[in-house]
Structures are given as C-alpha cells and as structure tokens.
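Mind looking at a prediction? Sequence and model below.
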Amino acid sequence: MQPDVALSQLDGLIHFMQKYRDTGCVSVKATATEIASDMDTEPVIKATRRVKRKRDENGNEYTPDPEQVSITDYFNVIVDQALTTLHTRFKQTQEFGNMFGFLFDLTKLCEMEETDLQRQCTRLSDAHPNLRI
C-alpha cells in the first residue's frame, strides 16, 4: 500500500473514532440491550456498592448514575486508548511516507529531476547512516 493512501485511510479512521467517541455510546447501548434481550437477561447496569463510612449527618451524598460511570470509566477510556494508538500510527506512517514516499511511485521517480532525486537520496542516507546508496 502506498503511504499517501495509508495516510488518508488512517486519517479517515481517526475522524470516525473521534465521532464515535462522541455519539457511539448510544449505538453501543442499543446493541448491548438487544444482545441482553436475546439472552433473556435484564439490560441493567448495576451500580457499584458504596463503602459506608462514618460521616457527618449531611444527606447530600452524591451517587453517580451507573450508565454515566460506565461511559466515562469504560467506553471513553477504551476509545481514547484506540485514538492514542491511531495517532501514533498516523505519525509513524507520515514519517515513513516522508522518508520513503518517493520510491513508491515509479512514474514520479522516473520523471524526477536528478537534483531532486539526489536530495531525496541524501536525506534518506542521512536518516539511515548504515544504508549505502
């Protein structure tokens, strides 16, 4: 696969994942509810049990919504990890394309002026000192 095609595919995937992080939880919940009903189980996210501690008699204890907790603690964490990995791959593919991209298109390589080709080869040689050109 050519680096420019891979970059455009990765860029599209990153945009999809960013949109999925914002709006995908609704579809995930619908799918999970459907799977739970197919398995004849109740589609309920149980709240975690709170540890009881002695506190002042302040009845304003905050109890988070179990669905919101699952979104922030699980769904967003997994999607953010995937996005971080995709950004790393995108950067690596960009560097690869900048370094070796001129070698992948033979028509451009044949039409390239000798000075440009020499400059590209010198840059490649500087980046990889063990490589002999």
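Done, it's in.

was I right about F90 contacting L10?
Yes - using C-beta atoms under 8 Å, F90 is in contact with L10, at 4.8 Å. For glycine as for every other residue, the C-beta is placed from the backbone atoms N, C-alpha and C.

Pull out the buried residues from stretch 91-98.
Neighbour counts over stretch 91-98 (16 or more other C-beta atoms under 10 Å) mark 93-94, 97 as buried.

Save these as a markdown table, and put in secondary structure and distance to H128 too.
Formatted as a markdown table, the buried residues of stretch 91-98 follow (DSSP: H, G, I helix; E, B strand; the rest coil; distance: C-beta to C-beta, whole Å):
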| residue | secondary structure | distance to H128 |
| --- | --- | --- |
| T93 | helix | 17 |
| Q94 | helix | 17 |
| G97 | helix | 15 |
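
Output those residues as TSV; include the columns distance to S37 and pLDDT.
As requested, these are arranged in TSV below (distance: C-beta to C-beta, whole Å; pLDDT from 0 to 100):
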residue	distance to S37	pLDDT
T93	42	86
Q94	45	88
G97	47	82
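
can you give me the helices in the protein?
3-38, 66-70, 76-100, 106-111, 114-127 (DSSP state H).

for those, which one sits closest to A47?
Nearest to A47 among the helices of the chain is helix 66-70; the distance by C-beta to C-beta comes to 4.4 Å.

if we can go back for a sec, can you tell me which of the helices of the chain is nearest to T48?
helix 66-70 (7.3 Å).

center of the chain, which residue is that?
L83 (2.0 Å; C-alpha atoms, centre = their mean).

how about the nearest residue to that residue, chain neighbours excluded?
Excluding the flanking residues, the one nearest L83 by C-beta to C-beta, 6 or more residues apart in numbering is M17, at 5.3 Å.

What about that neighbour, how many residues nearby?
Neighbours of M17 under the rule other C-beta atoms under 10 Å: 17.

got the contact list for it?
Contacts here follow C-beta atoms under 8 Å, 6 or more residues apart in numbering; on that basis M17 touches 79, 82-83, 86.
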